[in-house]
Structure formats: C-alpha cells, structure tokens
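Participant: this one's structure only:
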C-alpha cells in the first residue's frame with residue numbers, strides 16, 4: 001500500500017496533489033473527469049465513492065483530486081486519504097527491453113493523438129515533454145494532445161489543470177507562444 005509522502009496545494013483552489021512513496025502506475029496517466037468515467041478503475045472509483053469529488057488524475061507517484069466548490073478541505077481531505085492509502089502499489093517497473101528495469105521517458109503528451117508518425121507532432125511532443133509537462137505535473141496536472149489538424153492543435157488538460165482558471169488563460173497562451181516561436185508561427189492551440 002502506498003504511503004502518502006506529502007499533500008500539496010495546486011494553483012487550482014479546488015484540487016490537491018498527493019505525493020506517494022510508491023508508484024501506483026508507471027509512465028501512464030489516468031484521468032477521470034467524473035465518477036461515470038471511473039467505473040472500471042477500482043482506484044479512481046474508490047476516491048469518487050468518498051463523495052464531494054469532481055475529478056481524479058493519477059500517474060506514477062502522484063494523485064490529484066479535485067473537490068466540489070462547496071466542500072471544505074478540512075472535512076474531505078482525511079476521507080480522500082483513506083482510499084489513496086489503500087491503493088495497490090505497482091510491484092514491477094516495466095523494462096526497456098534490455099532488462100535493466102528502466103522504462104525510459106514517461107509517456108508524453110501525444111498519447112491520445114493516435115499516431116506520432118507526423119514529424120511536426122513529434123516536435124510538438126518533444127517540446128511539451130521538455131518544457132511544459134514537468135511544470136504541469138509539479139502542480140498536479142497534465143495535458144494530452146488530442147489532434148493536430150494543419151496548424152490547429154487540440155489539447156485536453158488533466159488533473160488540477162482541468163478546471164484551473166489559469167490553465168485556460170495564462171498557461172494556454174504560454175504554450176501557444178512557445179510552439180509558435182519554436183515550431184510553427186501559425187499554430188493555434190485549443191483546449192477542449
């Protein structure tokens with residue numbers, strides 16, 4: 001069972017990030033924007049079952065939980081910690097094929113786009129992996145690329161970023177400006 005190492009506030013006042021001592025996944029993000037989406041995930045469902053939960057996001061040693069507006073952290077935080085402490089830790093880290101137990105880089109933002117055969121999409125992923133995702137993860141969030149159609153890039157925020165006001169304004173503008181400067185001056189980033 002993973003022990004909670006720390007609980008951190010995020011820029012989203014309705015979300016907190018639990019830092020665990022053992023991982024509950026390796027290199028894959030799991031995002032549940034509502035209880036219905038979590039019915040097949042035992043861990044996420046157990047957090048929603050606590051009540052007053054809007055969304056659950058987890059990856060590696062991080063769990064981000066967003067509460068309802070009317071719930072008070074002092075009341076719901078201890079309740080949320082119970083299923084998190086009861087979760088099963090991932091026992092074996094996937095190997096990279098040479099048996100050394102290193103899985104390489106964490107998944108990346110491109111997972112939902114279906115294919116990373118497009119060189120422009122690979123460039124975007126590399127830039128996001130290097131310059132954006134570590135900061136989002138530090139705040140209990142993440143993003144995934146949904147689609148690149150010409151110069152229109154559709155992304156979806158996850159975790160604490162999913163409903164954070166700054167992700168829709170400041171963070172989105174910063175991502176778009178960085179991509180325009182480094183990859184395509186005409187790119188438009190749309191959060192869905």
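Facilitator: Structure's in. What do you need? This is a predicted model, so every value here is computed, not measured.

Participant: residues making contact with the top helix by length along the chain?
Facilitator: The longest helix of the chain (DSSP state H) is helix 73-86. By Cβ atoms under 8 Å, 6 or more residues apart in numbering, the surrounding residues in contact with helix 73-86 are 1-4, 7, 16, 18, 20, 43, 46-47, 49-53, 63, 65, 67. For the C-beta atoms, the positions are set from N, CA and C on the backbone; glycine is no exception.

Participant: same thing but 6 Å
Facilitator: Residues outside helix 73-86 that contact it (Cβ atoms under 6 Å, 6 or more residues apart in numbering): 1, 18, 46-47, 50, 52, 63, 65, 67.

Participant: Closest one to residue 118 out of those, please.
Facilitator: residue 63 (32.3 Å; Cβ to Cβ).

Participant: The closest one: what secondary structure?
Facilitator: Here residue 63 takes the strand state, with states given by DSSP: H, G, I helix; E, B strand; the rest coil.

Participant: Test my guess that it contacts residue 18.
Facilitator: Yes - the criterion here is Cβ atoms under 6 Å, and residue 63 meets it with residue 18 at 4.3 Å.

Participant: Compare these two (neighbour count), which wins?
Facilitator: Neighbours were counted for residue 63 and for residue 18 using other Cβ atoms under 10 Å; residue 63 has more, 30 against 23.

Participant: Contact partners for that one?
Facilitator: By Cβ under 6 Å, 6+ apart, the contact set of residue 63 is 18, 84.

Participant: wait, which of the contacts of helix 73-86 is closest to residue 183?
Facilitator: Among these, and counting by Cβ to Cβ, the member closest to residue 183 is residue 63, at 32.1 Å.

Participant: Can you give me the distance of the closest one to residue 6?
Facilitator: In this structure, residue 63 and residue 6 are 11 Å apart, going by Cβ to Cβ, to the nearest Å.
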